[in-house]
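> dropping the sequence and predicted coords here.
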Amino acid sequence: MTETEPNLQDLTSALLAGNADEAKQKAYAALAKGSKQTEILDAIVEAVNIVCDLQELGQYDQTKMASQESSVTSCLQILEEWLAKSEGRFNVKVTVGPVGLRSGALSSLALSASLRSVGLRSISLGKSQTALDLLRNSEELNVDLVIPMLTGDGDASLQNFTEAYQRGGFKNKFEVIPIAAGTTESVQGMTVARNSSEAISKATEWAMRKKRAST
């Protein structure tokens, strides 16, 4: 075990406990002991994934989830300067938003930060909303890419989102990469990710192609 690993484990534990002050202190301590910003972000993402899994099992109520969100936000604030520099790699503006997910706000925060770390100017739209609301809000922000986080019922939620996307006249306004577990990689010409990691990879690939095409 390296010197930094216990500090990162302490950070994850503080985040799981939903203690914002302690989580922030542990994040600062990890950085002081030599942890990289990417490792801090990985610890945050790990904690978020665990919390979301437990929330799906009914072990976190809304009060606890609010504490978790506060803890994650406090740690991300420490990384803000680094994220602000990182997001300039691509001239791409992205929105991330949950559609019908109970733990969507927390997942959206983590995914948006991860997208910023790889070079995209990502905005988390936070609270769960309808597909049409997410698309309209993204249109108002004049984004290049929208990553909707859909519920786990697979094809049904993806079909509902696709219908809202096509009927609302958004098709030529921005690219969309939905996250929908248990679906195929593409549907009706739309690239689909099965999880957040895949969404980050596909979004980065798309941004790279866009950058090459503009030069």
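Perfect, I can see it now. Numbers count the residues shown, from 1 in each chain.

> give the contact list for the residue nearest to Ala131 when sequence neighbours are not counted.
By the measure of Cβ to Cβ, 6 or more residues apart in numbering, the closest residue to Ala131 outside its immediate chain neighbours is Ala164, 3.9 Å from it. In short, each C-beta sits where N, CA and C put it, glycine included. With contacts defined as Cβ atoms under 8 Å, 6 or more residues apart in numbering, Ala164 is in contact with Thr130, Ala131, Leu132, Leu135.

> let me know the closest of the residues you listed to Ala180.
Of all the contacts of Ala164, the one with the least separation from Ala180 (Cβ to Cβ) is Ala131, at 11.7 Å.

> neighbours around that closest one, how many?
Neighbours of Ala131 under the rule other Cβ atoms under 10 Å: 21.

> all further residue positions should be reported with the first residue as 9.
Noted, 9 is the first residue going forward, which turns the last one into Ala139.

> is it true that it touches Pro156?
Yes: between Ala139 and Pro156 there is a contact at 6.7 Å, judged by Cβ atoms under 8 Å.

> which neighbours do the two share?
Residues touching both Ala139 and Pro156 by Cβ under 8 Å, 6+ apart: Val107, Phe169.

> what about the chain, any weak spots by pLDDT?
Applying pLDDT under 70 to the predicted model, the residue ranges of the chain that meet it are 9-12, 68, 111, 160-162, 191-197.

> the strands in it, which residues?
Remark: strands assigned in the chain by DSSP state E are 101-107, 129-132, 153-158, 183-184, 194-195, 198-199.

> list the buried residues for stretch 83-99?
Along stretch 83-99, these residues count as buried under the neighbour rule (16 or more other Cβ atoms under 10 Å): Cys83, Leu84, Ile86, Leu87, Trp90, Leu91, Ser94, Glu95, Arg97, Phe98.

> got TSV for these, with distance to Gln17 too?
Formatted as TSV, the entries for the buried residues of stretch 83-99 read as follows, by distance: Cβ to Cβ, whole Å:
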residue	distance to Gln17
Cys83	14
Leu84	19
Ile86	17
Leu87	18
Trp90	21
Leu91	23
Ser94	24
Glu95	28
Arg97	30
Phe98	33
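
> how does the chain divide into domains?
The record, using automatic domain parsing to delimit domains, assigns the chain the ranges 12-86, 93-222.

> measure the longest one end to end?
Looking at domain 93-222, the gap from its leading to its trailing residue is 21 Å under the measure Cα to Cα, to the nearest Å.

> and that domain, how far from the chain's centre?
For domain 93-222, the separation from the chain centroid amounts to 9 Å (computed by Cα atoms, centre = their mean, to the nearest Å).

> which residue is nearest the middle of the protein?
Centroid check for the chain by Cα atoms, centre = their mean gives Leu119 as the closest residue, at 1.5 Å.

> residue contacts, that one?
Leu119 makes contacts with Val104, Ser130, Ser132, Ile155, Met157, Ser204, Ala207, Ile208, as judged by Cβ under 8 Å, 6+ apart.

> repeat the analysis, applying 6 Å as the threshold.
Val104, Ser204 (Cβ atoms under 6 Å, 6 or more residues apart in numbering).

> same check, this time on the one 3 residues further on
Applying Cβ under 6 Å, 6+ apart, we find Ser122 in contact with Ile208.
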